[in-house]
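Student: everything below, folded, please.
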Amino acid sequence: KPTWFMQWNPRQIRLGSLLVSCYSLTMGSCASAQLPGEDFKSFYARYSFTESIGQGTFGRIFVAEDKLTKDDLAVKVQTGKKNGVAHIKYEAQVWRYVSVHPNIVRYAGCYQEADSYFMVMERCRRSMFQKLMDEPQWTTEQLVVDFRAILNGIKHLHMQSSPSRH
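Tutor: Predicted structure coming up:
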């Protein structure tokens, strides 16, 4: 079944010495594809975007609401043309494999719509840096608990023979 999609494409245009950010809109229809082992055929059938929260080298990060559970999740959106389909599928397999640990962000699935890939994962409400800013007077006990959790997550990654960077 075809899925209708709209995608805002960020662009930067240089006007003399001024760099201006703007967006173009892509609209279309495509048949949704499913990666092996995924339960839902269409990203848009299960999730709806609520806000943009960041951009990295390999894609943009959005918050999306799960239409079934009403949970807010993080979604990394990337294109196969830019990042390579094999790399995206490998990243999804790694996330699926390592995210069973309580100190690793939980993986919820990867969906494909045309050349866009949507990697859905648990949303982290704040980073360690944000926690330091919010609570600058940590006790030694609080530091031990938080850093132990970080080290346990790293230990889990190493026990799975998966590097923390790809």
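
Student: C-alpha from now on. contacts and neighbour counts both.
Tutor: Fine.

Student: which stretches of this structure have low pLDDT?
Tutor: Flagging of the chain using pLDDT under 70 yields the residue ranges 1-41, 161-166.

Student: strands of that one, residue ranges please.
Tutor: Taking DSSP state E as the test, the strands found in the chain are 2-15, 18-34, 47-55, 60-66, 72-79, 107-113, 116-122.

Student: what pairs with the fourth one, parallel or antiparallel?
Tutor: Same thing as strand 60-66. Using DSSP bridges, the strands paired with strand 60-66 are strand 47-55 (antiparallel), strand 72-79 (antiparallel).

Student: between these, which gets nearest to Gln130?
Tutor: Among these, strand 47-55 comes nearest to Gln130, with 14.5 Å by Cα to Cα.

Student: can you pull the buried residues of the closest one?
Tutor: By neighbour count with 16 or more other Cα atoms under 10 Å, strand 47-55 contains the buried residues Tyr47.

Student: and the spatially most central residue of the chain, how close does it get to Ser48?
Tutor: Central residue of the chain (Cα atoms, centre = their mean): Lys76, 2.9 Å from the mean position. Plainly put, Lys76 is 13 Å away from Ser48 if you go by Cα to Cα, to the nearest Å.
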